[in-house]
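1. I would like the atomic coordinates for the input below:
(4 chains)
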Protein chains: 2
Amino acid sequence: MHIETLKVFCDIIESGSFSYAASQNFVTQSAVSQQVRSLEEKYDCRLIERGRAGVKPTAAGQILYNSSKDIVRRFLELENKLREIGSVVAGSIRVGTVYSVGLHELPPYLSDFLRRFPDVNVHLEYLRSNKIYEDLIEGKIDLGVVAYPAKRSQIVSIPFRNDELVLIVPPDNALAKLSKVHFSQLEGQRFVGYERDIPTRKAADRILREHGVKPVYTMEFDNIETIKRAVEISLGVAIVPRLTVEHETARGSLKMLEFLEGTFLRPLAIIHKRGRELSPAVRKFIEALTAGPGTGVPRPAKGERVERNNDRPERNDRSADADRTEKAEKTA
Amino acid sequence: MHIETLKVFCDIIESGSFSYAASQNFVTQSAVSQQVRSLEEKYDCRLIERGRAGVKPTAAGQILYNSSKDIVRRFLELENKLREIGSVVAGSIRVGTVYSVGLHELPPYLSDFLRRFPDVNVHLEYLRSNKIYEDLIEGKIDLGVVAYPAKRSQIVSIPFRNDELVLIVPPDNALAKLSKVHFSQLEGQRFVGYERDIPTRKAADRILREHGVKPVYTMEFDNIETIKRAVEISLGVAIVPRLTVEHETARGSLKMLEFLEGTFLRPLAIIHKRGRELSPAVRKFIEALTAGPGTGVPRPAKGERVERNNDRPERNDRSADADRTEKAEKTA
DNA sequence: AACGACGCATCAGGCATCCTTATACAAAAG
DNA sequence: CTTTTGTATAAGGATGCCTGATGCGTCGTT
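-> Purely as a prediction, here's the structure:
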């Protein structure tokens, strides 16, 4: 019996979905379906009731789930301990990130990391800030990457980078001819921005308030991409991280302006649950982010490990990085 | 990760032997060796110190053992529960038996059982009577088959069969011409028999004592085969179960005599630990013994199960029964 | 009601995995 | 020094698992 099969089963029960469990375990839905079937055949009893409203465990399935959950948990802990000893960087790590960072800041770090540690699978989930804190505390993810990290007793926060907040306006806006603006010039502009409970929105509002601007929002979204689209079609101006609009300013679909009153930084941080011991893979991931992309040595170069990797050059190489990076969107 | 691999590892640590762990798990020593190696490679650390005096776990190996033991135990319990639900008779059962019964009484029941339940692996170990009780209580075996079952609070005993105790003498003995003897005729005969702490020896001595015979033992052994060889070369006479000497009496290498004073039965029993819940396979095994050989239906014939078995007629059919019956001798 | 979207089941084919057999090798025993 | 016992290694083959394609219900839409 594969312990992985038990984990798949647990994931099915917890998520209520075969397909989701499949993606969580880096296999196809077909494989998951077959695993469940073979379990059911092996013990000659139905384990999961497949109904219209998702899936529910049968009595037997519930027993299997209860025990498996325990077994899987113990096994994962065991693996962490052993990897610790052997300094083996492998396994899965689950990272939750807000859209803007995940799309515009992480990619170079990520591909670098995946190249250096081919035995690590990275789950990248796009989540809203508050959900990241929640999931961290519930143990659903190992790491979070957020802006304006909140200080909480259960959360440890490690500084990552600082973005600069800039103003974007549609090319047809009066301000588009300038390269820098005074806050006073923003008076009367209609704003587009994040929803009120999102940290970057709060930061933007604070900056505006401190400079005497009372913004009028016409639209609020929960992710940066939609905000940019809204500005492009002249629904308003917005304050966003500089890195997130590089594409659009280069293409000319958006005009970016700095503030004459100074630069405003948006601190990003890696966060994790306090007290939770981090697996070698997670620690290496944090290192990779804090050290910056391209700073990693090509190989861990610790004797044995190199040999082992070289022993199987013909291995089914999962060609692209993307194959090992599961990107699951949770917000609509 | 196969849970079976973890079990193999535990068995290695507990027994201090690769080969023994191999036989316990119905695989070759080679497979065991490879499994350990792949574990060591996977976590890039030595797990077992191979020294002259057996094998010892390293620090990492100890960690692996501790967790694995737990995982394996939970998994086996889980499997029992599920098999219970699906009425699936499969898995391994460990049976400890004394030589005489294992060699002369069990075989027909065994081959019958194995034919009816091809998914069950039977570990048959030849043990001395007291070791069987010990191992039962320690949970090292599931069932025991013994003669003259001792009444103990921790042990449940189920009657199995009754052998008849008879006298065997070498063909050149004066008694060999008779077919029945009076106990009085045994006076002056030298005896060969079991060691003093073995139940059948105690029973024989009691019978002799009750009929006024004070036996003089010249040799004592812990198993029936050696006793027979000793009698064959005229080292003395012996009181043994009738079934165990069928071969020799047929060949004429031994002469068997009944007692004129009556027949003396040697009760056999299946024993197991009180309170321990028995797996379906163990229960079926008990049923098979108590019902007698040849009484089983050809198939459980419970719908689905038949189908499932028929689905794979081309399966690597482990031809002979012997392949699935591990006979490990513990006494020399 | 027809249609597409979604999610699970099934099938066939390829390939990695793991096991067995055979053999090497080391240490201990006779 | 040979034999025995126990583990490691090599080669080959069977098993099993996964993927990709496809089928088939159910649900929500227009």
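2. Compute the first-to-last residue distance for stretch A:229-247.
-> This stretch, stretch A:229-247, spans 12 Å end to end (C-alpha to C-alpha, to the nearest Å).
3. now stretch A:89-100
-> From its first residue to its last, stretch A:89-100 covers 28 Å (C-alpha to C-alpha).
4. any low-confidence regions in the stretch 151-300 of chain A?
-> Counting by pLDDT under 70, the ranges of the stretch 151-300 of chain A that qualify are A:292-300.
5. can you list the residues of chain A near DNA strand C?
-> Counting by C-beta under 7 Å from any atom of the strand, chain A comes close to DNA strand C at A:16-20, A:29-30, A:33-34, A:36-37, A:48, A:50, A:54-55, A:314-316. The way it works is simple: take the backbone N, C-alpha and C, and place the C-beta from them, glycine included.
6. from the stretch 51-200 of chain A, which residue is nearest to DNA strand C?
-> Proximity of the stretch 51-200 of chain A to DNA strand C (C-beta to the nearest atom of the strand) peaks at residue A:55, 5.5 Å away.
7. what's the closest non-adjacent residue to that residue?
-> Nearest non-adjacent residue to residue A:55, counting by C-beta to C-beta, 6 or more residues apart in numbering or on different chains: residue A:48, 5.1 Å away.
8. burial measure for the one you found, as a count.
-> Counted with other C-beta atoms under 10 Å in any protein chain shown, residues neighbouring residue A:48 total 22.
9. Name the residue most distant from the centre of chain A?
-> Seen from the C-alpha centroid of chain A, the residue lying at the greatest distance (C-alpha atoms, centre = their mean) is residue A:44, 40.0 Å away.
10. any idea how far that residue is from residue A:9?
-> To residue A:9, residue A:44 is 16 Å away according to C-beta to C-beta, to the nearest Å.
11. Show the buried residues in the residues of chain A next to DNA strand C.
-> A:17-18, A:20, A:36, A:48, A:55 (16 or more other C-beta atoms under 10 Å in any protein chain shown).
12. Please name the nearest non-neighbouring residue to residue A:25.
-> What sits nearest to residue A:25 in space, not counting adjacent residues and going by C-beta to C-beta, 6+ apart, is residue A:8, at 5.3 Å.
13. Kindly report the same for residue A:158.
-> Of all residues not flanking residue A:158 in the chain, residue A:270 sits nearest, at 4.5 Å (C-beta to C-beta, 6+ apart).
14. Look at that neighbour and say how many residues are nearby.
-> 22.
15. packing partners for the one helix or strand it maps to?
-> Assessed by DSSP states H and E, residue A:270 sits inside strand A:264-273. Helices and strands touching strand A:264-273, by 3 or more C-beta pairs under 8 Å, 6 or more residues apart in numbering or on different chains; DSSP states H and E, are helix A:129-138, strand A:143-147, strand A:155-169, helix A:199-210, helix A:280-291.
16. With respect to burial, which of these scores highest?
-> Across the helices and strands packed on strand A:264-273, averaging neighbours per residue (mean count of other C-beta atoms under 10 Å in any protein chain shown) puts strand A:143-147 on top, at a mean of 25.
17. Does that one pack against any helices or strands, and if so which?
-> Packing partners of strand A:143-147 (3+ C-beta pairs under 8 Å, 6+ apart): strand A:91-97, helix A:99-104, helix A:129-138, helix A:199-210, strand A:264-273, helix A:280-291.
18. Checking residue A:192 next. Helix, strand or coil?
-> strand (DSSP: H, G, I helix; E, B strand; the rest coil).
19. Quick check: bridge partners of it?
-> Assessed by DSSP bridges, residue A:192 has beta-bridge partners residue A:219.
20. Verify the stated contact: residue A:7 with residue A:74.
-> No: using C-beta atoms under 8 Å, residue A:7 is not in contact with residue A:74, being 11.7 Å away.
21. can you pull the contacts of residue A:143?
-> Residues in contact with residue A:143 (C-beta atoms under 8 Å, 6 or more residues apart in numbering or on different chains) are A:93-96, A:136, A:270-272, A:282, A:285-286.
22. just to revisit the earlier point, tell me which entries of the residues of chain A next to DNA strand C lie within helices.
-> If you go by DSSP state H, those have A:18-20, A:29-30, A:33-34, A:36-37 in helices.
23. Show me which pair in these is furthest apart.
-> A:20 and A:37 (17.9 Å; C-beta to C-beta).
24. Let me know the pLDDT of whichever residue of the stretch 101-250 of chain A sits closest to DNA strand D.
-> Using C-beta to the nearest atom of the strand, the single residue of the stretch 101-250 of chain A nearest to DNA strand D is residue A:121, 11.5 Å away. What the model reports as pLDDT for residue A:121 is 87.
25. Doesn't it lie inside a strand?
-> Yes: with three-state DSSP as the criterion, residue A:121 is assigned to a strand.
26. residues touching the residue of the stretch 51-200 of chain A closest to DNA strand C, list them.
-> Taking C-beta under 8 Å, 6+ apart as the criterion, residue A:55 is in contact with A:12-13, A:16-18, A:48-49.
27. same check, this time on residue A:144
-> By C-beta under 8 Å, 6+ apart, the contact set of residue A:144 is A:95-97, A:127, A:132-133, A:135-136, A:270-272.
28. Tell me the bridge partners for it.
-> residue A:96, residue A:271.
29. Would you check how far apart it and residue A:273 are?
-> Using C-beta to C-beta, residue A:144 is found at 9 Å from residue A:273.
30. Quick check: neighbours shared by the two?
-> The contact sets of residue A:144 and residue A:273 overlap at residue A:136 (C-beta under 8 Å, 6+ apart).
31. on that earlier part again, please look at the residue nearest to residue A:55 and residue A:35 and confirm they touch.
-> No: taking contacts as C-beta under 8 Å, residue A:48 lies outside contact range of residue A:35: 11.2 Å.
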